[in-house]
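[1] When you get a sec, could you give me coordinates for this:
(chains A and B)
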Amino acid sequence: MEPLLRVENLMKQYADNRPLGERREVTALAGVSLSIYAGKITALVGESGSGKSTLALCLACLERPSSGSIWFEGRDITALGEDEQRRVRPKLQLVFQDPAGSLNPRLTALEIVSEPLIIQKRFQTQERFERAWALLERVGIPGEKAGQRPDEFSGGQRQRLAIARALALEPKLLILDEALAALDCSVQAQIANLLLELQSSLGLTCLFITHDFAMAAHLADEIGVMDHGRIVELGAAEKILRAPENKATLSQLAATPRFRRIANPLAVL
Amino acid sequence: MRYLARRIVHAVFLLFGVSILAFLFSTLAPGNYFDEMRLNPQISPATAAALRAQYQLDQPLPMRYARWVKSIVHGEMGFSFAYNSPVAPLLWVRARNTLFLTFIATLIAWALALPLGVWSAATLGRWPDRALSWTTATLLVIPDLVLALCLLILAVRSGWFPTGGLVSVGFENLTPLNKFRDVARHMALPVAALVLSALPLLVRHVRAAVAEVLEAPFLRAAAAHGIPRRRLLYQYALRAAANPLISLFGFSVGTLLSGSLLVEVVMSWPGLGPFLLEAILARDMYVVVGGVLLSTLFLIGGNFLADVLLYWADPRIRTRTAAR
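    Numbers count the residues shown, from 1 in each chain, chains lettered A, B, ... in the order given. The predicted structure follows:
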């Protein structure tokens, strides 16, 4: 099966220029290759600093990689000019970690969700709002809260808003960059279930980036493990959990909290 | 509306306090306008004392203050000994020129600072940002006075600009277009001095404010929705960074106003600056106190304007105050 998006040997170095002192280069991505298949949830698990978020920004065309390529709809999107990248971006939407900072504090919920349509000049005002209403309902925001601003919503509801906003442009791929990390356990579960529901009802393709192996195991069809800017292990979720091969995978699995009295920890995952 | 009403009440109290302090300090300074006369052998001590009595300078302080406040209510603001006239009309003519100068300088300074600051923030760490940072840092360390003097020397050497005054001789006979050009030529130097002294601070603040919000995830999200770069910077980022900048706007009106007093003296612009300096040297106390009060009023006006703008620009302040 042809993947929706294929990443080939992606590298990203940041120049760390200090006013005085030598130029140093920080390597965030050291050759990442990855395929994402339509309709699946792919999880990327890695510790902080392993390059997960940089990868997310490169995939969304918000950062340019130093080398390598990202194949999407038959084109290498890293090679496109700024204007063409701008036309690709709506198809690859992001949900960020910080639910407070990712929503424009000046706008109401309804405006936030219809904003991408305004930016893209899609539809007339009336239809934009109808679509935004439908999306709010879809992600479980009650209609009477549509006129409220982000500071009046809880963390989980804000993340629901961010998901609704990302879905407004009907993206081919939804990238969730640590989207559950700032939420309570029970709220995490609710949002995770929302994602699973959206996957089955809309056929949504997700890249779920996390440091939480348990959540990745719960959600994902495929899991990739990242360490120091590389994908060290990649395969079906089942396989990675049952028979991990890489040391980094093992150490991260071992660090996943579990219930002590249960003999096989993976059974609860 | 409660929000704005509270601001007005604050302003009234502030004005009241400043008037008392200004009045007190001006009487603490040794001597008064008529002391000079004592050096003049042709005026007898009795005459000087009579003059002091005539202007009620021999009465106790609270009485004089009460009288002065009453004269403000009548629109006189006390009496100028040197000009032998009520203070208010004298001040008004000069204040008009000062306000005119400050208004134009504020307008130009912000019209330059916003695009330069946004440009700097958008190219953070690359050459436009670095060049701008160096330029603003250099301008920042040059004192206003030196800046004004340099411009003055430039004007004298080149002869491109008149070096003082508001209009040329024979202004009355010019056509409206030429009148405009004449005033513009006279304004060029003092406005340039004011703009150059205020600009570096403004550019740096705009840069910092915009650079901070550019990091915000919701602007990243807007970029991900495919918004053009220019619209992202000027419509989204600038609006998100507006609150501190609006407060800075109120502050900048104050600094430009006080800077203007200095520049006016150097460039002989017929505003409050030279007028107040002359009054201070002559101990024409009601003019001095009136000038201080008027400057305070302008300052409060600037900050009040910023408050109104803030109220208008930020829906969160509106709902928060409406909820109370």
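
[2] Could you list the contact residues of chain A toward chain B?
    A:17, A:57, A:60-62, A:82, A:86-87, A:89-90, A:92-94, A:96-98, A:101-106, A:115-116, A:119-120, A:149, A:151, A:162, A:165-166, A:169 (CB under 8 Å from any CB of the partner chain). Where C-beta positions appear, they are placed from N, C-alpha and C, glycine not excepted.

[3] can you pull out the helices in the stretch 51-200 of chain A?
    Along the stretch 51-200 of chain A, counting by DSSP state H, counting those that start in this stretch, helices occupy A:52-59, A:82-88, A:109-119, A:125-138, A:155-167, A:185-202.

[4] Report the secondary structure element holding A:L234.
    strand A:230-236 (DSSP states H and E).

[5] Could you name the helices and strands sitting against that strand?
    Contacts defined by 3 or more CB pairs under 8 Å, 6 or more residues apart in numbering or on different chains; DSSP states H and E place strand A:230-236 against strand A:24-36, strand A:222-227, helix A:247-254.

[6] Who are the packing partners of the last one?
    By that I understand helix A:247-254. Looks like helix A:247-254 contacts strand A:222-227, strand A:230-236 (3+ CB pairs under 8 Å, 6+ apart).

[7] again, only using 6 Å
    Helix A:247-254 sits against no helix or strand, with contacts defined as 3 or more CB pairs under 6 Å, 6 or more residues apart in numbering or on different chains; DSSP states H and E.

[8] angle of that helix against strand A:230-236?
    70 degrees (axes from the mean of the first three to the mean of the last three CA atoms, to 10 degrees).

[9] Provide the contact partners of helix A:247-254 at residue level.
    Residues outside helix A:247-254 that contact it (CB atoms under 6 Å, 6 or more residues apart in numbering or on different chains): A:F213, A:V225, A:D227, A:V232, A:E233, A:P244.

[10] Distance from it to the middle of the chain?
    Distance of helix A:247-254 from its chain centroid, counting by CA atoms, centre = their mean, to the nearest Å, is 22 Å.

[11] Quick one: mean pLDDT over that helix.
    Per-region confidence: helix A:247-254 scores 74 on mean pLDDT.

[12] ranges for the helices of the stretch 51-200 of chain B?
    For the stretch 51-200 of chain B, applying DSSP H, counting those that start in this stretch gives helices covering B:61-73, B:87-122, B:127-141, B:144-158, B:176-214.

[13] Convert the C-alpha atoms of the fourth one to PDB, please.
    So that's helix B:144-158. Extracted in PDB, the C-alpha atoms of helix B:144-158 (Å, rounded to 0.1, in the frame of the first residue of the first chain):
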ATOM      1  CA  ASP B 144      18.900  64.100  23.200                       C
ATOM      2  CA  LEU B 145      20.700  67.400  23.600                       C
ATOM      3  CA  VAL B 146      23.700  66.300  21.500                       C
ATOM      4  CA  LEU B 147      21.300  64.900  18.900                       C
ATOM      5  CA  ALA B 148      19.500  68.200  18.700                       C
ATOM      6  CA  LEU B 149      22.700  70.200  18.500                       C
ATOM      7  CA  CYS B 150      24.100  67.900  15.800                       C
ATOM      8  CA  LEU B 151      21.000  68.500  13.700                       C
ATOM      9  CA  LEU B 152      21.200  72.200  14.300                       C
ATOM     10  CA  ILE B 153      24.800  72.200  13.100                       C
ATOM     11  CA  LEU B 154      23.800  70.300  10.100                       C
ATOM     12  CA  ALA B 155      21.100  72.800   9.300                       C
ATOM     13  CA  VAL B 156      23.400  75.800   9.700                       C
ATOM     14  CA  ARG B 157      26.200  74.300   7.600                       C
ATOM     15  CA  SER B 158      23.900  73.100   4.800                       C
END
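
[14] what's the distance between that helix and the middle of its chain?
    21 Å.

[15] Between the helices of the stretch 51-200 of chain A, which one is closest to B:V73.
    helix A:109-119 (49.6 Å; CB to CB).

[16] which helices and strands does that closest one pack with?
    helix A:125-138, helix A:155-167.

[17] Pick the most deeply packed of those helices.
    helix A:155-167 (a mean of 24; mean count of other CB atoms under 10 Å in any protein chain shown).

[18] For that one, give the mean pLDDT please.
    89.

[19] who's in contact with it?
    Identification of contacts with helix A:155-167 by CB under 6 Å, 6+ apart yields A:93, A:95, A:99, A:102-103, A:109, A:112-113, A:135-136, A:139-141, A:150, A:174, A:183, A:187, A:191.

[20] Repeat that for stretch B:94-103.
    B:P190, B:L256, B:L257, B:S260, B:P270, B:G271, B:L272, B:F275, B:L294.

[21] okay, these in a markdown table with pLDDT next?
    Shown next, in a markdown table, are these (pLDDT from 0 to 100):
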| residue | pLDDT |
| --- | --- |
| B:P190 | 89 |
| B:L256 | 88 |
| B:L257 | 86 |
| B:S260 | 88 |
| B:P270 | 88 |
| B:G271 | 88 |
| B:L272 | 89 |
| B:F275 | 90 |
| B:L294 | 87 |
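
[22] If we only consider those residues, which is nearest to chain A?
    B:L256 (28.8 Å; CB to the nearest CB).

[23] The residue in the stretch 151-269 of chain A that chain B sits nearest to and A:A134, how far apart?
    Closest residue of the stretch 151-269 of chain A to chain B, CB to the nearest CB: A:L169 (6.5 Å). Noted for A:L169: a distance of 14 Å to A:A134, by CB to CB, to the nearest Å.
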